[in-house]
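> Okay, predicted coordinates and the sequence, questions at the end:
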Amino acid sequence: MKVAQRVEKSKGKSGKGSADNKPVPQEETCSGSSPATGRKEIIKKFPVSPNLTNYERYYETFDWDQVKDEVDWFAGKKVNAAYNAVDRHMSDGRRNKVALYAVGADNKLSKLTFQDIYEQSNKVGNALKGLGVEKGDRVFVFLPRVPELYVSTVAIAKIGAIAGPLFSAFGPDALKDRLEDSEAKVIITNPELKPKVDEIFKDLPNLEYVIVVGGDEKKLKDREFSYEKLLDQASDKLECERMDPEDPLYLLYTSGTTGKPKGVVHVHNDIIGHHMTTKWVLDLKEDDIYWCTADPGWVTGTVYGIFGPWSNGISVVSVEGRFDADSWYDVIDRLKVTVWYTAPTALRMLMKAGEESVYRHSLDSLRHILSVGEPLNPEVVRWGMKVYGLPIHDNWWQTETGMQLIANLPCMPLKPGSMGKPLPGVYASVVNDDGEELPVGELGRLVVRPGWPSMLRRIWRNKEKFDEYFKIPGWYFSGDNAWKDEDGYFWFVGRADDVINTAGHRVGPFEVESALVEHAAVAEAGVIGKPDKERGEIIKAFVVLANGVEASDELLEDIRQHTKKQLAAHAYPREIEVKESLPKTRSGKIMRRLLKAWELGLPTGDTSSLEDD
């Protein structure tokens with residue numbers, strides 16, 4: 001009874017009821033089926049008035065040139081993503097609108113208007129210019145979800161430098177890889193995270209300055225500056241750099257199966273895709289309070305936590321504290337969050353916390369829930385309908401794509417477990433290895449025809465890797481396997497490579513293996529992703545111990561903690577198995593495919609390249 005009452009209240013407040021404010025009954029009908037199970041399921045939702053209403057008609061006629069005027073341009077076809085996110089709101093009536101509701105680790109709330117963001121980002125921009133930062137220089141932000149992170153990211157873009165968002169849980173090795181490859185000039189951090197920077201500073205000859213937020217000036221060393229003092233001395237007047245649409249905006253590193261993380265370069269032209277997909281998929285409106293739970297160190301937090309919503313003039317919520325079900329629900333009720341963009345792992349953890357945790361809160365402000373990062377189990381969608389009275393909309397995109405490409409839009413029926421349909425201006429397909437499109441229901445490679453505005457422009461100092469994304473002629477290859485049903489919905493099946501997707505974060509096995517073998521007790525290591533109900537996948541490591549070392553629970557825990565410290569809290573092996581040897585090719589490459597097949601009891605396939613015992 002409690003759920004039904006809450007659903008009716010929610011629908012009445014958010015305008016999803018019928019003309020007399022009574023909710024329309026929920027319907028489940030059949031449409032679309034999995035080749036594996038034959039199960040058919042569809043959810044038809046309460047009537048809404050979404051920003052995009054007639055998908056089929058709009059998809060057929062849409063061209064990206066039609067929406068270029070949604071963003072502001074300078075003379076000579078110049079643009080700046082930060083100008084569109086903040087500065088233009090100084091003259092469109094949003095100057096005094098709250099841009100950021102920031103909940104600190106101590107649960108204290110601070111509010112920053114677009115005027116506040118404008119002035120503070122101008123000061124940070126001037127401070128960076130005073131340190132010699134020029135157009136094209138790389139400036140990295142290594143902070144938790146505090147207002148200074150958002151302000152700094154905007155400031156970097158304003159002056160034409162390239163922003164480098166960093167996840168605050170990164171360890172020294174992960175930091176060094178990114179700062180070294182990018183030849184970063186400045187890093188902005190805080191006293192809690194700074195020791196990780198100190199550990200590697202001497203190995204980074206291009207890193208000139210460290211700016212510390214909230215630091216004790218007396219403890220700062222040479223080439224270290226107080227963020228607050230720099231702002232005190234800086235002007236709040238700054239002209240945004242006029243950028244060519246193809247000039248770099250941000251540089252975000254993503255993991256691969258071999259080698260170190262690769263720096264994906266996105267440009268100021270991306271703002272067109274950020275702006276429109278925020279309108280279509282997130283369905284944000286002027287009076288929404290929007291919470292994207294992703295850290296800006298990941299692409300979702302940068303694109304849909306900063307640039308997309310702010311370009312649309314939307315109030316954004318950030319929460320510094322760690323995950324806790326009741327705390328999250330408290331945030332929604334306290335700030336009257338209307339649109340909530342989160343990850344399947346978080347939703348599964350909320351499921352695990354139980355329904356009573358939900359029912360201790362009202363949550364009647366919510367009108368739209370979305371998820372991204374990994375496939376969303378149908379079970380979670382059905383649970384969301386039960387406890388929130390709302391369907392959870394999955395969507396698909398990648399760091400490399402720069403914006404959402406396939407989505408369950410508010411205007412279309414939702415199929416639990418599906419990625420949805422391609423957005424207007426996006427042509428996706430399923431093909432074989434020769435690039436030939438496959439018929440409905442057939443498993444193949446998920447590809448997209450190049451041409452959307454936010455597509456990666458290059459891989460930093462690595463053209464060979466960039467070219468790999470386009471190895472299937474005429475297509476961008478996502479690295480995913482999928483199939484398409486008779487209604488045009490796409491269904492994710494798995495990665496075509498070894499990249500591990502754990503709790504929505506892509507982790508390259510090579511990074512983890514490298515950290516493992518740095519431990520004195522580990523001679524060799526091979527890493528795979530193992531299916532996990534809560535996290536999608538967990539990292540499992542197979543290790544060969546050094547001569548004379550004996551396995552013990554204490555040793556394995558020490559290896560785990562070592563890896564966590566070197567990389568990040570999400571990038572360590574939750575399971576470690578000791579082996580006498582690892583399967584390798586004759587060239588010495590560890591055959592992770594075989595490790596995974598043995599672990600999951602799958603066929604081993606071709607083993608002709610396996611080295612002789």
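Cool, the structure landed.
> from here on, contacts and neighbour counts on C-alpha atoms
Will do.
> What's the local residue count around residue 485?
Other residues near residue 485 number 18, with proximity taken as other Cα atoms under 10 Å.
> Distance of it relative to residue 375?
When Cα to Cα, to the nearest Å is the yardstick, residue 485 and residue 375 sit 16 Å from each other.
> ok, now residue 591?
Residue 591 is 26 Å from residue 375, where distance means Cα to Cα.
> same question, residue 296
Where residue 375 is concerned, residue 296 sits at a distance of 21 Å (Cα to Cα).
> and the closest residue to residue 505 other than its chain neighbours, what does it touch?
The shortest distance from residue 505 to any non-neighbouring residue, by Cα to Cα, 6 or more residues apart in numbering, is to residue 373 (7.0 Å). Residue 373 makes contact with 343-344, 396, 503-505 under the criterion Cα atoms under 8 Å, 6 or more residues apart in numbering.
> One more: residue 267?
By Cα under 8 Å, 6+ apart, the residues touching residue 267 are 245-250, 454, 456-457.
> So, low pLDDT: which residues of the stretch 151-300 of the chain?
Judged against pLDDT under 70, the low-scoring parts of the stretch 151-300 of the chain cover residues 256-259.
> At which residues are the strands of it located?
Along the stretch 151-300 of the chain, the segments classed as strands by DSSP state E, counting those that start in this stretch run 162-165, 186-189, 209-212, 224-226, 248-254, 262-267, 289-292.
> Distance to residue 136 for those - can I get that in a markdown table?
Compiled in a markdown table, those are given as follows (distance: least, Cα to Cα, whole Å):
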| stretch | distance to residue 136 |
| --- | --- |
| strand 162-165 | 6 |
| strand 186-189 | 12 |
| strand 209-212 | 16 |
| strand 224-226 | 22 |
| strand 248-254 | 7 |
| strand 262-267 | 11 |
| strand 289-292 | 28 |
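> now the helix ranked longest in the chain, how far from the centre of its chain.
When secondary structure is assigned using DSSP state H, the longest helix within the chain turns out to be helix 114-130. The chain centre lies 26 Å from the centre of helix 114-130; the measure is Cα atoms, centre = their mean, to the nearest Å.
> Can you list the buried residues in it?
By neighbour count with 16 or more other Cα atoms under 10 Å, helix 114-130 contains the buried residues 114-128.
> quick one: contacts of it?
Taking contacts as Cα under 8 Å, 6+ apart, the residues outside helix 114-130 that touch it are 86-87, 89-90, 94-99, 151-152, 154-156, 158-159, 230-231, 233-238.
> Worst mean pLDDT across the helices and strands of the chain, which element?
Taking all helices and strands of the chain together, the one with the lowest average confidence (mean pLDDT, DSSP states H and E) is helix 2-14, at a mean of 30.
> show me where pLDDT drops low in this protein?
The chain contains residues with pLDDT under 70 at 1-48, 256-259, 585-589, 604-613.
> Next, please give the residue ranges for the strands of the stretch 1-150 of the chain.
According to DSSP E, counting those that start in this stretch, the stretch 1-150 of the chain carries its strands in the segments 27-33, 40-44, 98-103, 109-113, 138-141.
> how about the third one: buried residues?
To tie it back to what came earlier, the one meant is strand 98-103. Using 16+ other Cα under 10 Å as the test for burial, strand 98-103 gives 98-103.
> likewise the fourth one?
Counting neighbours by 16+ other Cα under 10 Å, one finds that the buried residues in strand 109-113 are 111-113.
> next one: that strand to chain centre, how far?
Mean C-alpha position of strand 109-113 versus that of the full chain (Cα atoms, centre = their mean) differs by 24 Å.
> That strand pairs with which strands, parallel or anti?
When pairs are called by DSSP bridges, strand 109-113 turns out to pair with strand 98-103 (antiparallel).
> what angle separates the longest helix of the chain from strand 109-113?
80 degrees (axes from the mean of the first three to the mean of the last three Cα atoms, to 10 degrees).
> returning to that earlier point: nearest to residue 269 among the contacts of residue 267?
Minimum distance to residue 269 across these is 4.5 Å, recorded for residue 245 (Cα to Cα).
> Burial check on the residue nearest to the closest one when sequence neighbours are not counted, number of neighbours?
Spatially, and ignoring its direct neighbours in sequence, residue 245 is nearest to residue 269 (4.5 Å; Cα to Cα, 6+ apart). For residue 269, the tally of surrounding residues (other Cα under 10 Å) stands at 24.
> residues contacting residue 269?
Residue 269 makes contact with 79, 81, 245-246, 453-454 under the criterion Cα under 8 Å, 6+ apart.
> are any of these buried, and which?
So, by 16+ other Cα under 10 Å, the buried ones in those are 79, 81, 245, 453-454.
> Can I get those residues in JSON lines including distance to residue 542?
Shown next, in JSON lines, are these (distance: Cα to Cα, whole Å):
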{"residue": "79", "distance to residue 542": "49"}
{"residue": "81", "distance to residue 542": "45"}
{"residue": "245", "distance to residue 542": "46"}
{"residue": "453", "distance to residue 542": "41"}
{"residue": "454", "distance to residue 542": "38"}
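> Ignoring the adjacent residues along the chain, who's closest to the residue minimising distance to the centre of the chain?
The chain has residue 300 as the residue nearest its centroid, 3.1 Å off, counting by Cα atoms, centre = their mean. Using Cα to Cα, 6+ apart and skipping the chain neighbours, the partner closest in space to residue 300 is residue 294 (6.1 Å).
> burial count for the one you found?
Taking other Cα under 10 Å as the criterion, the count of residues near residue 294 is 22.
> just checking, it touches residue 317?
No. Between residue 294 and residue 317 there is no contact under Cα atoms under 8 Å: 10.8 Å.
> Assign a three-state SS to residue 539, would you?
Recorded secondary structure, residue 539: strand (DSSP: H, G, I helix; E, B strand; the rest coil).
> Next, count neighbours for it.
Counted by other Cα under 10 Å, the residues lying close to residue 539 total 23.
> do the same with residue 464
One way to gauge burial is a neighbour count; for residue 464, by other Cα under 10 Å, it gives 10.
> you'd agree it is in a helix?
Yes. Secondary structure assignment places residue 464 in a helix (three-state DSSP).
> of all the contacts of residue 267, which comes closest to residue 521?
Within the set of the contacts of residue 267, residue 250 lies nearest residue 521; the separation is 38.8 Å, counting by Cα to Cα.
> How many residues are close by the nearest residue to the closest one once chain neighbours are set aside?
Taking Cα to Cα, 6+ apart, and ignoring the residues beside it in sequence, residue 250 has residue 163 as its nearest neighbour in space, at 4.5 Å. Taking other Cα under 10 Å as the criterion, the count of residues near residue 163 is 26.
> Quick check: beta-bridge partners of residue 163?
Going by DSSP bridges, residue 163 is paired in beta bridges with residue 139, residue 250.
> my read: it touches residue 142, true?
No. Using Cα under 8 Å as the test, residue 163 is too far from residue 142 to be in contact (10.9 Å).
> Which of the buried ones among the contacts of residue 269 fall in helices?
Where the buried ones among the contacts of residue 269 overlap with helices, as defined by DSSP H, the overlap consists of residue 81.
> Can you give me the domain assignment for this structure?
Each structural domain of the chain that the record assigns through automatic domain parsing is listed here as a residue range: 2-47+323-495, 82-263, 500-600.
> Now the terminal residues of the last one, how far apart.
Chord length of domain 500-600, first to last residue, is 15 Å (Cα to Cα).
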